[in-house]
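Novice: give me a 3D structure for the following:
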Amino acid sequence: MRILAVSDIHGEDEVLDRLRVHAHNPRYDHIIIAGDLTNRGPVSYAVDLLNIIDGKSLFAVHGNMDPPEVAELLEERGVSIHGKKKKLGDWNIVGLGGSNHTPFGTPSEMTEEEIKSVIDKAKLDKFSIFVSHPPPKGVLDTVGGDIHVGSESVRKAIDEKKPIIVICGHIHEHEGQELLGETLVVKLKPAMMMRAAEIKIDKGIEVNFIDL
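Specialist: Here you go, the predicted model:
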């Protein structure tokens with residue numbers, strides 16, 4: 001199974017042009033969007049984005065910069081995995097949209113207790129591909145040099161449930177992969193910076209960070 005994963009598109013028009021090429025490449029079985037399709041809207045951009053990917057297997061969560069109308073659109077299109085678990089081959093895919101609180105008062109923020117409730121509802125497990133907009137606290141999540149701003153509830157869920165992989169975005173400063181216990185955390189650089197990841201999951205996991 002080969003996945004093209006992107007996050008933090010933030011309404012960038014050039015990403016639409018790039019995804020027209022990449023999204024329907026037959027080498028990819030699925031497309032994952034890990035949040036922040038827009039920059040506080042407009043919803044019309046998210047509509048255009050989904051129309052470009054239409055016909056391809058797509059799983060998405062909204063980000064903290066997406067207004068509720070974008071989350072509703074993802075639900076209406078049947079691609080949202082926020083608070084859900086869906087079968088995906090020999091595994092399952094679970095999603096968490098929005099983020100823990102930021103200093104900026106963005107449209108879709110939650111308390112850590114609310115984040116825990118969403119993850120609990122989805123029943124994350126050791127066979128899960130976990131798509132979380134915010135990274136786990138302490139993993140590729142620093143801003144301002146050394147301030148960790150990831151989600152404590154995401155970190156606790158990974159520690160307890162041990163999903164096979166976490167695909168996350170949100171913090172623009174980092175791109176990379178890091179093991180957290182038995183779980184591989186894949187931190188995406190913003191797609192608005194023309195970055196993405198190609199993830200192959202078979203007997204093992206292979207991650208390549210690519211230019212869009």
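
Novice: let's see the host helix or strand of residue 17 as PDB, backbone CA atoms only.
Specialist: Element membership for residue 17 (DSSP states H and E) is helix 13-22. Presented in PDB, the C-alpha positions along helix 13-22 are these (Å, rounded to 0.1, in the frame of the first residue of the first chain):
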ATOM      1  CA  ASP A  13      -3.300  27.800  -5.300                       C
ATOM      2  CA  GLU A  14      -0.100  26.300  -6.500                       C
ATOM      3  CA  VAL A  15      -0.800  23.200  -4.400                       C
ATOM      4  CA  LEU A  16      -4.000  22.600  -6.500                       C
ATOM      5  CA  ASP A  17      -1.900  22.600  -9.600                       C
ATOM      6  CA  ARG A  18       0.600  20.200  -8.200                       C
ATOM      7  CA  LEU A  19      -2.000  17.800  -6.800                       C
ATOM      8  CA  ARG A  20      -3.700  17.700 -10.200                       C
ATOM      9  CA  VAL A  21      -0.600  15.700 -11.300                       C
ATOM     10  CA  HIS A  22       0.200  13.800  -8.100                       C
END
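
Novice: next one: that helix to chain centre, how far?
Specialist: Computed by Cα atoms, centre = their mean, to the nearest Å, the chain-centroid distance of helix 13-22 equals 18 Å.

Novice: kindly report the same for stretch 124-134.
Specialist: From the chain centre to the centre of stretch 124-134 is a distance of 10 Å (Cα atoms, centre = their mean).

Novice: report the buried residues of it.
Specialist: Buried residues in stretch 124-134, counted by 16 or more other Cβ atoms under 10 Å: 124, 127, 128, 129, 130, 131, 132, 133, 134. C-beta: built from backbone N, CA, C; applies to glycine.

Novice: quick one: mean pLDDT for that stretch?
Specialist: In this model, stretch 124-134 has a mean pLDDT of 98.

Novice: next, the distance between the ends of that stretch.
Specialist: Stretch 124-134 stretches 16 Å from its first residue to its last (Cα to Cα, to the nearest Å).

Novice: in space, not sequence, find me the middle residue of the protein.
Specialist: The centroid of the chain falls nearest to residue 34 when counting by Cα atoms, centre = their mean (1.9 Å).

Novice: now do the contacts for the nearest residue in space to that one that is not next to it in sequence.
Specialist: Spatial nearest neighbour of residue 34, excluding adjacent residues (Cβ to Cβ, 6 or more residues apart in numbering): residue 7 at 3.7 Å. Going by Cβ atoms under 8 Å, 6 or more residues apart in numbering, residue 7 touches 33-36, 63, 133, 167-170, 188, 190-191.

Novice: check residue 50 too.
Specialist: Residue 50 sits next to 58, 73, 74, 77, 79 when contact means Cβ under 8 Å, 6+ apart.

Novice: can I get the buried residues of stretch 124-134 in a markdown table with secondary structure and distance to residue 45?
Specialist: A markdown table is the format used below for the buried residues of stretch 124-134 (DSSP: H, G, I helix; E, B strand; the rest coil; distance: Cβ to Cβ, whole Å):
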| residue | secondary structure | distance to residue 45 |
| --- | --- | --- |
| 124 | coil | 30 |
| 127 | coil | 34 |
| 128 | strand | 29 |
| 129 | strand | 26 |
| 130 | strand | 26 |
| 131 | strand | 20 |
| 132 | strand | 22 |
| 133 | coil | 17 |
| 134 | coil | 22 |
